[in-house]
Every structure is written in structure tokens, then in C-alpha cells.
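Q: This is a predicted model, with the sequence first.
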Amino acid sequence: MKFQSSIAIFVVCEHCRSMVVRKDMNMETLGVMAELPPDLSPLQLGTRGEWNGKTFELLGRIRVEWGQGSWNEWYASFSDGIPGWVAEAQGFYMVSFETKDKNLPETAAEVRRGEFLKLAGATWSISDVKTVRCRAGEGELPFVAPPGWERESIDLTGADGEFGSLEFSDGEAQLFKGAYAKFNDLHFSNLRPVPGWSADAPQITNQTNALNCPKCGSVIALRAMGQTMSAVCGSCGSLIDTANPVWKVIQERDQKVGNLHPLLAIGTRGSLERVEYEVIGFLQRADSESTWSEYLLFNPWHGFEWLVNYNGHWSFVHRCPEIGDHSGRRVQYAGRQFVLYAKDEAEVTAVLGEFYWKVRRGERAEMADYIDPPGVLSKETYPDLQEFTWSLGEYVDSSVIATAFGVKGLPKAEGIYLNQPNPYAVHWKELRKVVLLFFVLFTFIQCTTSKWSARKAVYDVDLVFRRDDPTKVVSSPKFNIEGGSQIVEIAATANVDNSWLGLDVELVNAKTNQAYQESIEIEYYHGSDEDGPWSEGSRTASVDIPSVPPGEYYLTVEPSADPALERMPYHVVVSAGGVFWSNYVFGLLALLAYPGYLLARRGGFENLRWGQSDYSPTGLPTNKE
């Protein structure tokens, strides 16, 4: 027997499955290793990969199980000479290495789920505590792991999502520190062909294995053998524990299987995000206000994902590594901020297919949904199991689901869903850069034109209104307006006080006699009442005459005044040039009309969304209130 690892002390013979322990130069046989349960793992002894620039090879495996599930732990030899582990659990991959720390707890009883530990220079949250045992193994290992060997296993989560594990066995504590990885991150090679999936593996339709229901004897075809822990008999509806060689009934029929009609049938395959999945499980869940459906998808390389459907709204849901327990209304994850939308208790009301835990009808979980549309981050807490899980869903249009799985007639979406994209926000996001560009360009043109066409005084005079003046009409000397057609402003100022002065003005072209008639009203009133001092009006007023052609002009002014005024000096200025800022304002309003409409509709959409929540961030009343 050849040991590839210098620190390995335990090996399972590949021919007779004898368990052999290496003691210095001697070998001791402990008996025969139990057979590994069949599974669809693409990994095998000799599989190679790469992680953080280091290559590795898988040398050994143990199948670890507990009351609610099981997983593979692969012993790996890395190119830098440091041994490590690649755990494979429910589609997750965790790469870890033993890390020394003098402050490790002495026993598992010292730690509890939900608490925090400071180990190896980092703070870890304790996400799970359980007793596990070795089901079987193969290859070589750095410790003795016969069937039935037990240890206390504590899962840890770092502040930035790092993976950690505390293991207690034979009075010794070990800390393993690492990270979560996706299948493609590990660059695997020399993989095992997967039946039913790989082109070079024996094809046995979509079934990976089949056994008989212990209740009615009907054949149950498992589509993710070794990965799933429970299955529903399609004939009698009994829930079966498939984690052990001898299948047992978890729960007898309390539903009519024939009355369940999933929109995506068990065994249907489809591609989402360029990965082919097979529908292997179907759940119905209900809380205090609604009922929805969940479809479990499986791919042997990428693991498990979910499709959730509520009233025609679909979300493609990825299970997340533990991200710690959060009691606040906001959760940071993957560079996004999610806001609490709903909390409730959900119950499993119907089950079909198979699942990676021992699901039961009537199983309850405390649900908390945090949204950042089109995303929803969900936390499920299982009081009976003393654990919680996180998942991240992204909204998917029903047409995408129909195309991916080749189904027709999917129900149309009804109402507004918690993570449904706001269509007005999407349109605004597409439009806002264009609006900003046009706003800047429009303002630049206005300011540039205003600068080039600066207003210039062409006539300036001081006059006096006298009530006893028989003529009253004043005519100015001639003055020139040069350039092209332009604005002419006639402005007047008078020191009126609780009175008024009116001017009828006429701008006359001396050559053509074309006249422009306007009226200017100057009035200013002030006083005091029970609310305090007040004032209205102004001692200055003006009128603009648009598109006045160049030429020689004169101005006539006919004043009138408050009957109480006998005499009032006033000042008149005629200016040419400039631009109408009112045109800019009206143009700007026209430019912003549609964006304003989008923003208003966006706000209305969000009000309707949050109206269904007990946790509206705006403080507005909800429909529930």
C-alpha cells in the first residue's frame, strides 16, 4: 500500500476495502470499511484542481452524516506541501486548512449557536452546532476514521463570509479556516463521469438510481442519489428517508399526490444562466397571508438552486453561505444593501420529488425577506433544527422560465411582487444620462447666447410727472438700435410710497413709423396689521418687446398716477439685446416633463410595493394598517 501524503496515517485499500493504520514502519488492519453510498458527485480520488494559485489533488474522502443530512469531505494535497480539505455539501464547496490557535475552546459544550468567538485573529459567528459521524471513507486520511466514528462539528462564519469549522474528537479541538468556492472557481480536472449527465457516462435516462417504497413497494427513482435525504413516493405519497441504506417512512400520506400539478413537472430540464438544471423537487408553502410554490433544481457540478413562484412572479434563488444573524432592518451582502420587507412563519403544505434535507409536511420555518429589487435576500430559521439558512433570489420574467424549460401557458404575473423590478426606475436609469446631457447642453446654449447678446442701454432719462402739466406726453430724442432683431427692454423706476405710477410707452421706428405699445405699472404698498409688517409691489417695473429690428427709434411716454400724487420723479431706461430667460424656463419644463412623469410613476410603484409590507421605510401607512 502506497501513501502519497507524508502525514497520512489511515488508508482504505482500494481492492478489499480493508482499513489500514500506519504506525512508523508497521501496518495494522482495523477491519473492513463500509461501502460508500452511491452519489452523483463529479469528484473522485485523483481529481485535481487549483485554488489561490496552488494546485491540489484529492487523496481521500470521508462521508459525514448527521440526523438531517450528509456531505463529502475530501482530503487534498496542495502544491505548497500544506494539506487541506475540500468539503462538498449540497452544491457548496469549502476549501479549508487547519489553523493553530492557543485559545481554542476545550469542549463543544462551551460554545452555542448565535454566539461569537475570537479565533485566529478574526471574529466568528457560530452558525451551527451538531454531532456528526463517519458513514464510510476511501483513499488516505491524516487521522483514523472508521465507520461510526463521531465528532462534534461547529460551523463558523467570518465577518466577510469566510468559512470556518471547529472540530472536537478524542478530547482534542481543531480549527479549520478557509473560504466558500463555486465549482468553476476550483478549475477541476480528471473528474468522474456523471450518469445521466456526462456524455461519456452510461446513460440511464434521467434516473440515477431506483429503489422501492417501504410503504407500498412502488419504484422511486432518485435523480440526485447521495445528495438528497428524502423523497416522496409518487404512488402513495409517503415521505421516505433516503439517507440510509434501509429506507424508512418519515411521514405517511396526508395529501393526494394526483391533485398536485406543478407548472414545472418533476424531471423537466432547462438552462438558466448557461447551466442545465433538472427539476427534482416541488414544495408548496403558506404563511398567514399567502401561498407560493418552490421548485428544487439540481446539477451535479453546480449543486442545488431554487425557482420560487408567487402569482406568476418568478425568482431564481441561490443558496448563500452563512452571513451571520441580523436583527436589524438592513443587511449588507455582496456589495448590496437589503431592506427588511416581511417577517412571518411559513409552513410546508405539500411535497413532491426529493430534497437535500428530511422535509416534512407541516414543517415550519420563520421567514425574513430583505429586498433590493430585483434581488431578495431571505433568511429561514428552523427552530426544531436549531439552524438558519440564507438565500439570494433574483427576479426572472415568466417568459424566461417558459423558454428555459420549454413550457407553455405559464400564468401571467398578478399585482406587484416584493422584488419585482420597478419598470419606471429601469426606464429612468436608462434615460437619466440623456436627460442630464440635454440639460447641460440646453443650459450651456442659453448662457452662451446670453453672454453674446448682453443687454446694452440705448436711452436713459430722468423725467417728472406733474399733475398740472397740460401736455403730459414726453417724446425722446432719436436713438439707434444696432445688430439683428433683438429684445428691447423698457424699464422704469419711481419712489412711490403707498401709491402708484403708470406709464403708457410707445417705441416708434423713425423711418417706418412702426410702433410698439406697452404699459408699465409701478406700485408699492406697505403697512402693519395684527400679523406684523407687510409690503407688496415694487418701485421698479419693466416690459420686454421681442424681435425688434435694427434702426433709428424714439420713445414716447404718457404718465398717469395715483390721485393723491401731484408730482413724482421717475427714471426710464431703454436697453437692447439679451435673451428671454422665460423661454429657457419653459423649454426646461418641457425637457423635464417626461422624466418627471417617470419619477412620479416610480414613486407610485414603490408606494404600492411597500404598501404590502409591515416595514415601509418611508413611514407611510401600509395596506395592512
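A: All right, it came through fine. Computed from a predicted model, the values in this text were never measured in an experiment.

Q: Quick one: the strands in the stretch 1-150 of the chain, in order.
A: Assigned by DSSP state E, counting those that start in this stretch, the strands in the stretch 1-150 of the chain fall at 10-12, 18-23, 26-32, 48-51, 54-66, 69-78, 83-89, 92-99, 116-119, 122-141, 150-158.

Q: partner strands of the third one, parallel or antiparallel?
A: Strand pairing for strand 26-32, using DSSP bridges, gives strand 18-23 (antiparallel).

Q: picking up where we left off before, just the strands of the stretch 1-150 of the chain: most buried one?
A: With neighbours taken as mean count of other C-beta atoms under 10 Å, these reach their highest mean count in strand 10-12, at a mean of 25. Glycine gets a C-beta too; all of them are placed from N, C-alpha and C.

Q: Tell me which helix or strand Tyr417 sits in.
A: Here Tyr417 sits in a region with no helix or strand, counting by DSSP states H and E.

Q: Chain neighbours aside, what residue packs nearest to it?
A: Closest residue in space to Tyr417, ignoring its immediate chain neighbours: His313 at 3.8 Å, by C-beta to C-beta, 6 or more residues apart in numbering.

Q: Confirm Leu283 sits in a strand?
A: Yes. Leu283: assigned to a strand according to DSSP: H, G, I helix; E, B strand; the rest coil.

Q: Run a quick neighbour tally on it.
A: 23 (other C-beta atoms under 10 Å).

Q: what's it in contact with, if anything?
A: Leu283 sits next to Ser293, Glu294, Tyr295, Leu296, Val348, Ala350, Val351, Phe355, Val359 when contact means C-beta atoms under 8 Å, 6 or more residues apart in numbering.

Q: I'd like a version of those in CSV, one that adds distance to Ser476 as further columns.
A: Putting the contacts of Leu283 into CSV (distance: C-beta to C-beta, whole Å) gives the following:
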residue, distance to Ser476
Ser293, 86
Glu294, 87
Tyr295, 87
Leu296, 91
Val348, 93
Ala350, 94
Val351, 96
Phe355, 96
Val359, 96
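
Q: Any stretches of the stretch 251-400 of the chain with poor pLDDT?
A: 253-258, 322-327, 384-387 (pLDDT under 70).

Q: Gly84 and Ala76, how far apart?
A: Separation of Gly84 from Ala76 (C-beta to C-beta, to the nearest Å): 5 Å.

Q: Between these two, which contacts overlap?
A: Phe56.

Q: just to revisit the earlier point, quickly list what the residue nearest to Tyr417 is bridged to.
A: Beta-bridge partners of His313, as defined by DSSP bridges: Tyr310.

Q: Which pLDDT value belongs to the residue nearest to Lys100 when sequence neighbours are not counted?
A: Leaving aside its sequence neighbours, Lys100 sits nearest to Leu175 (C-beta to C-beta, 6+ apart; 7.5 Å). Here the pLDDT value assigned to Leu175 is 93.

Q: in the sheet, who's paired with Leu175?
A: Thr99, Leu166.

Q: so what's it up against?
A: So Leu175 contacts Glu98, Thr99, Lys100, Asp101, Leu104, Leu119, Ala120, Gly164, Ser165, Leu166 (C-beta under 8 Å, 6+ apart).

Q: change it to 6 Å
A: Thr99, Asp101, Leu104, Leu119, Leu166 (C-beta atoms under 6 Å, 6 or more residues apart in numbering).

Q: Tyr584: what secondary structure?
A: helix.

Q: same deal with the one 10 residues further on?
A: Secondary structure assignment for Tyr594 (three-state DSSP): helix.

Q: Nearest residue to it in space, please, no chain neighbours.
A: Tyr594 sits nearest to Leu431 (C-beta to C-beta, 6+ apart), 7.8 Å away.

Q: The helix or strand where the one you found lies packs against which elements?
A: Assigned by DSSP H and E, Leu431 falls within helix 423-452. Applying 3 or more C-beta pairs under 6 Å, 6 or more residues apart in numbering; DSSP states H and E, one finds that helix 423-452 makes contact with helix 581-610.
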